[in-house]
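Participant: Structure of the sequence below:
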Amino acid sequence: MSTPNHILKHYFGYDTFRNGQKELIDNILNGEHSVGIMPTGGGKSICYQVPAILLEGVTVVISPLISLMKDQVDALTGAGIPATFINSTLSFRELEERMEEARRGDYKLLYIAPERLEHTSFLEFLKSLPIPLVAVDEAHCLSQWGHDFRPSYLNIYNCVNELPSNPTILALTATATPQVQNDILHHLHIPSENKVITGFKRDNLSFSVMKGVDRKKWVSDYVQTHEEESGIIYAATRKEVDNLYTTLERKGIAVGRYHAGLSDSIRKQQQDEFLNDEIRVIVATNAFGMGINKSNVRYVIHYQLPKNMEGYYQEAGRAGRDGLDSECLLLFSPQDIQTQRYIIEMNATDPTFQHQELLKLREMTDYVHTESCLQNYILEYFDDDVNEPCGKCSNCLDNRDSVDVTKEAQMVLSCIIRMGERFGTSMVSQVLTGSKVKKILQFGFQNLSTYGLLKTKNQKDVGLFIDYLIAEGFINVSGGSYPTLQVSQDGKEVLTGNKTVSRKQPAKEQKVLVKEDGLFQALKLVRKTIAEEEGVPPFIIFSDASLQDMCIKLPTTEESFLTVKGVGENKLNRYGKPFIEGIVEYLQDNPDHAPIVEKVEERQGTHQTVNNSDQPSYLISFDMYREGLDFSEIAKSRGMSKTTIENHIIRSIEEGQEIDWSEILTLEEEELISEAVKEVGTQFLRPIKEKTADSISYFQIKAFLLKNRNTMNAG
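Facilitator: Numbering: from 1, shown residues only. This next block holds a predicted model:
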């Protein structure tokens, strides 16, 4: 008889369950409605996939995004579990075929969108199926106080209640405040004792806030020193996405973009290229990402301040889903606050909801200005237990000396009280710096004893100091369009001399160094080849965590390969041979190889790749190419992918390096590409590729466009 542990090992390749998984699975097998609140990457899908295999019938999974359905189904199919989805991407014939297959019992899991339940005919179809379990993914979407509210989620319980099979309900989410948790329990009729919270902490993520940097340059430098890693960059507006995308593309970076202003086909193309590692970086608005099951995202950069902590933590949490160390970086400028206020005021027409959103923006701003542990700030926001500082966020690693600013804090707090606690940061800053603007004089604030007490500082610095006092809880802020400042109880303790205030000096940029393992790069190439043959994203084959475990265990037999994390019997049978052969071949070519552990010099949460030469990395590749080595040889020698080497050559040519074009393009190849360009244009490479011969590579298309750019621009 199969057990949950047997299913876990046989299909998913893991020996033990993670925290909370077994408790939820036992609840489901006992027929108890439950909710699981686990961090991104915490293994929520296992909680319904394991019971789905054990229970008779087909489990229905309600998922908010089509991309999530496809990724999940690809992963399940790869593990030998029959699953499918029904959504708007299917033709009518495909829809009918899948419904008939579901009636025959061909599937164990069926993924659908919540809006599908609004169709009476589809609900009747579900009534004909033996459905033991309904899993509601991204369950925070049913709360109007959540950050991704979808009204269709409110109809789920009534529809499920009509099913004659009386299925158990499992709700899952990664980001839910106490208020959102209560909404989930209420709307899905789940007993509070069946709420399983494993905590919001992500031990593999390091959080950093960068203030006062040239954002465009900082991001360009960061991405170029992480050219072998996948990353997501979030910006607040479509315009900012387009601008940053253009900047990175001009630097020869394999980058894509994603926002609601692009067509469905372009968004899908960009998303697929990112999932398949054809592009390493994607610049996007918050329209991108929910349900993107890409496990090897090594960094998430927020180019601007997000509007609330729920959205930020969900987006940042897309880094390191495979459990490996990853970075979450937020770049801040005070102007970001006004940008988000404008977006909130334009989109939130209900006064109560707008007030709520503005309060959330204030809490997000406090995150930027706090000098306490960043991870602990996040945990406290979600009402999670906080024990000790994380030890690796930019604040914990900040070794600057703290200075006593109690006197300055008392000046600010006293000024707020003397102004009647009726004004905001701007007015208080103006009074403290001795401004003579008309409004100050109209209120007679020039006569206050606190007027001009900080006149040696500029208004911007005083405003940032007030933000710091707010973040540390010495000042409270009212909500609304015109927030006002009030002195908190802790602030009153400062005024009476019972508490002191300290603050760190301005930060200096610091770096962390990383060294790559050549075997890891070789295994990534094996994975990429298999993924291209099967038409799925590379992480569907194996996650980066699995590849790194191979680098540690060096399995050269089927028996030892089964000990690798994420390797079950099905994946051993399907993929074991090429990976084992890859390891054996690498060890033969590198007899002195030993597992290389990441060499880290921890400081301020940023890092760059080690390069012992003064010459840029891409020029080293170009010199090797001019010496007669082909891309595969250069890639193997440098421990990089072939795609990276191709991008190095393109960038070198773009910067003026001379090359013999006949080595890259024959006349026949140029003619083929030229005809395709005339037909589909030059905006994206994929349509050109589809119109040319299979033998023509993306590299050759890029080279052709570069060679002929002056002619095309003139045309």
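Participant: mind listing the helices for the stretch 501-650 of the chain?
Facilitator: Assigned by DSSP state H, counting those that start in this stretch, the stretch 501-650 of the chain shows helices spanning 518-534, 538-541, 544-553, 558-561, 569-589, 617-626, 631-638, 642-654.
Participant: Out of these, which gets nearest to Thr339?
Facilitator: helix 642-654 (32.3 Å; Cβ to Cβ). For glycine as for every other residue, the C-beta is placed from the backbone atoms N, C-alpha and C.
Participant: How many neighbouring residues does Asp214 have?
Facilitator: 10 (other Cβ atoms under 10 Å).
Participant: now Lys678
Facilitator: 11.
Participant: do the same with Leu188
Facilitator: Count around Leu188 with other Cβ under 10 Å applied: 21.
Participant: wait, isn't it in contact with His33?
Facilitator: Yes. Using Cβ atoms under 8 Å, Leu188 and His33 qualify as a contacting pair, with a distance of 6.7 Å.
Participant: Domain map for the chain?
Facilitator: 4-197, 205-381, 402-504, 518-589, 624-714 (automatic domain parsing).
Participant: For the first one, measure first residue to last.
Facilitator: Right, the one you point to is domain 4-197. Across domain 4-197, the terminal residues are separated by 20 Å (Cα to Cα, to the nearest Å).
Participant: I'd like the distance from that domain to the chain centre, please.
Facilitator: Offset of domain 4-197 from its chain centre (Cα atoms, centre = their mean, to the nearest Å): 22 Å.
Participant: Likewise for the third one?
Facilitator: Distance of domain 402-504 from the chain centroid (Cα atoms, centre = their mean) equals 37 Å.
Participant: I'd like the average pLDDT over that domain.
Facilitator: Computed over domain 402-504, the mean pLDDT rounds to 90.
Participant: Any idea how far apart the tips of it sit?
Facilitator: Where domain 402-504 begins and where it ends lie 4 Å apart, using Cα to Cα.
Participant: quick one on the thing from earlier: so can I have JSON lines of the domains of the chain showing distance to Asn395?
Facilitator: Formatted as JSON lines, these follow (distance: least, Cβ to Cβ, whole Å):
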{"stretch": "domain 4-197", "distance to Asn395": "20"}
{"stretch": "domain 205-381", "distance to Asn395": "5"}
{"stretch": "domain 402-504", "distance to Asn395": "9"}
{"stretch": "domain 518-589", "distance to Asn395": "27"}
{"stretch": "domain 624-714", "distance to Asn395": "34"}
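Participant: contact partners of stretch 681-689?
Facilitator: Applying Cβ atoms under 8 Å, 6 or more residues apart in numbering, the contact partners of stretch 681-689 are 266, 269, 273, 673, 676-677, 680, 696, 698, 701-702, 705, 712.
Participant: out of these, who has the most neighbours?
Facilitator: Busiest of the contacts of stretch 681-689 [other Cβ under 10 Å] is Ile673, holding 24 neighbours.
Participant: of the domains of the chain, which approaches Pro389 most closely?
Facilitator: Here domain 205-381 is closest among the domains of the chain (Cβ to Cβ), at 3.8 Å.
Participant: between the domains of the chain, which one is nearest to Cys396?
Facilitator: domain 205-381 (5.4 Å).
Participant: Next secondary structure after the strand or helix carrying Val403?
Facilitator: When elements are assigned from DSSP states H and E, Val403 belongs to strand 402-404. Counting by DSSP H and E, the next helix or strand C-terminal to strand 402-404 is helix 406-418.
Participant: which residues sit against the strand holding Val403?
Facilitator: Thr500, Val501, Ser502, Arg503, Lys504, Gln505.
Participant: average pLDDT for stretch 187-207?
Facilitator: 91.
Participant: Relative to Arg418, how far out is the residue lying farthest from the centre of the chain?
Facilitator: For the chain, the residue at maximal distance from the C-alpha centroid (Cα atoms, centre = their mean) is Asn447, at 51.5 Å. Counting by Cβ to Cβ, to the nearest Å, the separation of Asn447 from Arg418 is 10 Å.
Participant: intersection of neighbour lists for those two?
Facilitator: The contact sets of Asn447 and Arg418 do not overlap (Cβ under 8 Å, 6+ apart).
Participant: Low-confidence ranges, the stretch 501-650 of the chain, go.
Facilitator: For the stretch 501-650 of the chain, the stretches flagged by pLDDT under 70 are 506-517, 594-616, 626-628.
Participant: which of the helices of the stretch 501-650 of the chain sits most buried?
Facilitator: Among the helices of the stretch 501-650 of the chain, the stretch with the highest mean neighbour count (mean count of other Cβ atoms under 10 Å) is helix 538-541, at a mean of 26.
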